[in-house]
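> please find the sequence and the predicted model below.
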Protein chains: 2
Amino acid sequence: MTAKRNSGWLKVVGLGPGSEALITPEASAALADATDVVGYLPYVERVTPRPGLVRHGSDNREEIRRAEAALEMTAQGRRVVVVSSGDPGVFAMAAALFEALEALEAGEPEWRALDIQVLPGISAMLAASARLGAPLGHDFCCINLSDNLKPWALIERRLRLAAEADFAMAFYNPRSKARPEGFELALEVLREACGPERLIMFARAVSTPEEALSVTTLGQAQPEMADMRTLVMVGSSQTRLISRSVEGGKEGGESESTPWVYTPRSALGAESGAES
Amino acid sequence: MTAKRNSGWLKVVGLGPGSEALITPEASAALADATDVVGYLPYVERVTPRPGLVRHGSDNREEIRRAEAALEMTAQGRRVVVVSSGDPGVFAMAAALFEALEALEAGEPEWRALDIQVLPGISAMLAASARLGAPLGHDFCCINLSDNLKPWALIERRLRLAAEADFAMAFYNPRSKARPEGFELALEVLREACGPERLIMFARAVSTPEEALSVTTLGQAQPEMADMRTLVMVGSSQTRLISRSVEGGKEGGESESTPWVYTPRSALGAESGAES
């Protein structure tokens, strides 16, 4: 395969967390112009079929082969969209695409000449945060809890340092079917580092019909509250709750709503820890 | 002011980084239904005027008064959109809104009954990351470098811990006109903690006509490379470059493009640091 400059292009596109109302016009335009859509099957199936569009769904953990196939189609002059859920740059296909590109262009620099763009999307983290209020309203970190591609010791180390930095935290891929014990270990580390009263939030399948939200404390949290479709967030020491229920409201009988959760903008009262 | 349940609503909306093509359909629909748009003047001016829509632009650092005004209009039955640039939950109006709400409902719990939603937007961080490739493709943190609302000692502590955790890092508000020395100090801390070869990226006004990108190393970085419209990112130890220029390409005379920057998905080769 020779990758000469041609009229083909490749766009790595984020489809957002699920709702069509969260897909950017830029992403929709790319899909409307594409000849081929490539991605993990459930994401490819989110793209409406139309004449002239070939949908190439593949299995999970096929990221590099999928990226190579997309680059090869682009080199043939096709207009290729690689789809991710959420944002393609957050634990998704953009990094895999550049890994594949780097391997190809090491042998043949002409691969660099391909017309490649990454189009951002609403990440699960931003969608979950919006639904709950503003839990990431101050400094935060974002960690992939899967130990497929990194050692557990590195995950644990990052959890402890993030707690020491008093970041709010967002966790992707908290609990796989293959290794459900990882999230239990993560909860133990966080309880020890942040204390049992620290707020933890579970946001599953935000903006889809299966959306489910819950807010509790690390002391009350159970590993079963998360699965692979759940974005988990842990507050900083400053993160606060506002009840959404009005007791004795005139309508009466109002059910308990998930409270608002937010992290204030100011940390002037926070311990700076400069002397520790 | 009594905040009885009524037909008014308040939506805190992210307008994305600048381009209309990055505003979600959900945000556009909220703006189309609103009676009032409230926000920092340059963001309010991004909303096209139309009959029946009142635009309330206010000065920077007026966040709490602006949030109170929006809540009061909602209590009067108006349909109010509070606009932020980027995502409203990342160093923007959502946290300010909940701070104002919590203060009001402490006196009068009925304020809880207002119909409030936060609608996510494409954050500057995600837009900048997409333009450069996938620098946030692995675990990362996001820090507001402004010391208006937190002590400098806390910022420095978080920078050192983020470096120790080997996070990629995204920085908001790197360099204010009032305190330009803060970013110089941050660069010094990062050089010491990450070494002079670590990659640093400057992404200014992404998706606008004033967009400017540059990639260099901490050793080469100058404080003047950033202003308040710049999103700064620092790679992890694993972050890599791919040149976008093809030497001797058939077109000839191609100017040097900003390279792709990405952080691989795998950290299996990274030092776990478990024993340190």
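Perfect, I can see it now.
> residue ranges in the stretch 51-200 of chain A under the pLDDT threshold?
For the stretch 51-200 of chain A, applying pLDDT under 70 flags no range at all.
> chain A - how does it break down into domains?
Here the domain assignment for chain A is A:9-122, A:125-262, based on automatic domain parsing.
> mind listing the strands for the stretch 101-250 of chain A?
Shown for the stretch 101-250 of chain A, the strands assigned by DSSP state E, counting those that start in this stretch span residues A:115-119, A:133-134, A:140-144, A:168-172, A:199-204, A:212-217, A:230-234, A:240-242.
> out of those, deepest packed?
The highest mean neighbour count among the strands of the stretch 101-250 of chain A, using mean count of other Cβ atoms under 10 Å in any protein chain shown, belongs to strand A:133-134: a mean of 30. Placement of C-beta: from N, CA and C, glycine included.
> distance from it to the middle of the chain?
When distances are taken as Cα atoms, centre = their mean, to the nearest Å, strand A:133-134 is centred 17 Å away from the chain's centroid.
> is any part of it close to chain B?
Yes - contact of strand A:133-134 with chain B (Cβ under 8 Å from any Cβ of the partner chain) involves A:133-134.
> helices of the stretch 101-250 of chain A, start to end?
A:124-132, A:152-164, A:181-194 (DSSP state H, counting those that start in this stretch).
> now mean neighbour count and distance to residue B:148 too, for those, in CSV please.
Output for those, formatted as CSV (neighbours: other Cβ atoms under 10 Å in any protein chain shown; distance: least, Cβ to Cβ, whole Å):
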stretch, mean neighbour count, distance to residue B:148
helix A:124-132, 29, 22
helix A:152-164, 21, 23
helix A:181-194, 18, 26
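> in a markdown table: these, plus distance to residue A:174.
Output for the helices of the stretch 101-250 of chain A, formatted as a markdown table (distance: least, Cβ to Cβ, whole Å):
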| stretch | distance to residue A:174 |
| --- | --- |
| helix A:124-132 | 11 |
| helix A:152-164 | 11 |
| helix A:181-194 | 5 |
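> for stretch A:47-57, the distance to its chain's centre please.
Distance, centroid of stretch A:47-57 to centroid of chain: 24 Å (Cα atoms, centre = their mean).
> is that stretch positioned near chain B?
No - Stretch A:47-57 is not in contact with chain B by Cβ under 8 Å from any Cβ; minimum separation 15.0 Å.
> may I see the buried residues of that stretch?
Buried residues in stretch A:47-57, counted by 16 or more other Cβ atoms under 10 Å in any protein chain shown: A:47, A:53, A:55-57.
> per-residue pLDDT, residue A:245?
Note for residue A:245: predicted pLDDT of 76.
> so what's the residue count around it?
14 (other Cβ atoms under 10 Å in any protein chain shown).
> right, and it touches residue B:110 too?
No - counting by Cβ atoms under 8 Å, residue A:245 does not reach residue B:110; the two are 11.8 Å apart.
> pull stretch A:61-73 out as PDB, backbone CA atoms only.
Extracted C-alpha coordinates of stretch A:61-73, given in PDB (Å, rounded to 0.1, in the frame of the first residue of the first chain):
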ATOM      1  CA  ARG A  61     -10.000  -4.400  21.600                       C
ATOM      2  CA  GLU A  62      -9.500  -4.300  17.800                       C
ATOM      3  CA  GLU A  63      -8.500  -0.700  17.900                       C
ATOM      4  CA  ILE A  64      -5.100  -0.900  16.100                       C
ATOM      5  CA  ARG A  65      -6.400  -3.100  13.300                       C
ATOM      6  CA  ARG A  66      -9.400  -0.900  12.900                       C
ATOM      7  CA  ALA A  67      -7.200   2.200  12.800                       C
ATOM      8  CA  GLU A  68      -4.900   0.600  10.100                       C
ATOM      9  CA  ALA A  69      -7.900  -0.400   8.000                       C
ATOM     10  CA  ALA A  70      -9.200   3.200   8.200                       C
ATOM     11  CA  LEU A  71      -5.800   4.600   7.200                       C
ATOM     12  CA  GLU A  72      -5.600   2.200   4.300                       C
ATOM     13  CA  MET A  73      -9.100   3.200   3.000                       C
END
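> so for that stretch, what gets flagged as buried?
Applying 16+ other Cβ under 10 Å to stretch A:61-73 flags A:63, A:66-73 as buried.
> secondary structure added to the buried residues of stretch A:47-57, as a markdown table?
Conversion of the buried residues of stretch A:47-57 to a markdown table gives the following (DSSP: H, G, I helix; E, B strand; the rest coil):
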| residue | secondary structure |
| --- | --- |
| A:47 | coil |
| A:53 | coil |
| A:55 | strand |
| A:56 | strand |
| A:57 | strand |
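> wait, which of those residues is closest to residue A:265?
residue A:47 (38.4 Å; Cβ to Cβ).
> now that closest one, nearest residue through space, not along the chain?
Nearest residue to residue A:47 in three dimensions, chain neighbours excluded: residue A:37, at 5.1 Å (Cβ to Cβ, 6 or more residues apart in numbering or on different chains).
> looking at the buried residues of stretch A:47-57, which is nearest residue A:178?
Nearest to residue A:178 among the buried residues of stretch A:47-57 is residue A:57, at 21.4 Å by Cβ to Cβ.
> check contacts around the closest residue to the closest one other than its chain neighbours.
Computed as Cβ to Cβ, 6+ apart, the closest residue to residue A:57 that is not its neighbour in sequence is residue A:41, at 3.4 Å. Residues counted as contacts of residue A:41 (Cβ atoms under 8 Å, 6 or more residues apart in numbering or on different chains) are A:57-59.
> try residue A:149
Contacts of residue A:149 by Cβ under 8 Å, 6+ apart are B:265-268.
> of the residues you listed, just the buried ones, ChimeraX syntax please.
Buried members of those, defined by 16+ other Cβ under 10 Å, are picked up in ChimeraX with:
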select /B:265,267
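> can you put the contacts of residue A:149 in a markdown table and add secondary structure, pLDDT and distance to residue A:260?
Shown next, in a markdown table, are those (DSSP: H, G, I helix; E, B strand; the rest coil; pLDDT from 0 to 100; distance: Cβ to Cβ, whole Å):
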| residue | secondary structure | pLDDT | distance to residue A:260 |
| --- | --- | --- | --- |
| B:265 | coil | 93 | 34 |
| B:266 | coil | 87 | 37 |
| B:267 | coil | 82 | 35 |
| B:268 | coil | 78 | 40 |
